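coords below, sequence missing:
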């Protein structure tokens with residue numbers, strides 16, 4: 001199973017004061033071949049979610065920059081889904097790096113994977129039975145080395161995370 005993961009796309013609405021940040025063309029081949037899409041918040045434009053949903057089922061959580069339109073589309077504060085037999089939890093802000101693994105394990109005791117965003121900094125750390133996964137941002141790298149997105153490859157009860165530049 002190919003689960004495309006996005007966060008912090010910040011695609012702007014026409015009325016936004018921020019410049020538009022469309023997804024880069026290189027992101028779309030991955031999206032178009034996804035079995036499921038996870039978006040860890042800060043979408044800012046529900047039209048992007050509609051575009052994504054034309055490719056695969058979408059699970060999305062609210063980010064701190066998302067408005068009522070994103071919630072109306074179906075975003076929740078936290079999501080927990082089963083994909084390929086594995087429990088995946090998602091929230092936007094996982095808090096400080098220090099103590100993150102223990103904090104998220106307590107919050108999501110049954111999760112094999114926790115996907116998050118907010119920092120724009122990619123994280124792909126799998127240890128002690130918990131994969132912490134932040135795909136970074138495909139549109140706004142901030143202090144990260146590059147704009148990025150991720151894929152969770154799920155097969156036979158196993159998961160592997162991959163983060164790559166776009």
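Thanks, I have it. Predicted, not measured: the structure shown is a model, and the values here were computed from it. Numbers count the residues shown, from 1 in each chain.

so residue 113 touches residue 86, yeah?
Yes. Between residue 113 and residue 86 a contact is recorded at 6.5 Å, counting by C-beta atoms under 8 Å. C-beta here means a position set from N, CA and C on the backbone, and glycine is covered the same way.

Settle it for me: which of these two has more neighbours?
In this comparison of residue 113 against residue 86, neighbours counted by other C-beta atoms under 10 Å, the higher total goes to residue 113 at 24 against 18.

Which stretches in this protein count as strands?
Listed in chain order, the strands of the chain (DSSP state E) span residues 2-6, 36-39, 58-60, 78-83, 86-91, 113-115, 123-127, 130-134, 148-155, 158-165.

most neighbours per residue, which of those strands?
Mean neighbour counts were taken over those using mean count of other C-beta atoms under 10 Å, and the top value, a mean of 27, falls to strand 113-115.

where in the chain is pLDDT low?
Counting by pLDDT under 70, the chain has low-confidence residues at 12-20.

Now the closest residue in space to residue 85 that isn't next to it in sequence. Its backbone dihedrals?
If the residues on either side of it in the chain are set aside, residue 85 comes closest to residue 157, at 5.5 Å by C-beta to C-beta, 6 or more residues apart in numbering. Backbone dihedrals for residue 157, given as degrees, to the nearest 10, come out at phi 80, psi 10.

Check the burial of residue 157 by counting its neighbours.
Burial measure for residue 157: 9 neighbouring residues, criterion other C-beta under 10 Å.

List the contacts of it.
84-86 (C-beta atoms under 8 Å, 6 or more residues apart in numbering).

let's see it at 10 Å
Listed by C-beta atoms under 10 Å, 6 or more residues apart in numbering, the contact partners of residue 157 are 84-86, 112.

before we move on, the earlier item: closest to residue 30 out of the strands of the chain?
Taking C-beta to C-beta, strand 2-6 is the member of the strands of the chain nearest to residue 30, at 5.4 Å.

what inclination does that closest one have with respect to strand 158-165?
If you take axes from the mean of the first three to the mean of the last three C-alpha atoms, to 10 degrees, strand 2-6 sits at 40 degrees to strand 158-165.

Give the pairing partners of strand 2-6; include direction for each.
The strands that strand 2-6 pairs with in its sheet are strand 36-39 (parallel), strand 148-155 (antiparallel) (by DSSP bridges).

would you turn those strands into TSV with distance to residue 49?
Written out in TSV, the entries for the strands paired with strand 2-6 read as follows (distance: least, C-beta to C-beta, whole Å):
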stretch	distance to residue 49
strand 36-39	7
strand 148-155	15
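
what's the closest of the ones you listed to residue 67?
Each of the strands paired with strand 2-6 has some distance to residue 67 by C-beta to C-beta; the shortest is strand 36-39, at 14.8 Å.
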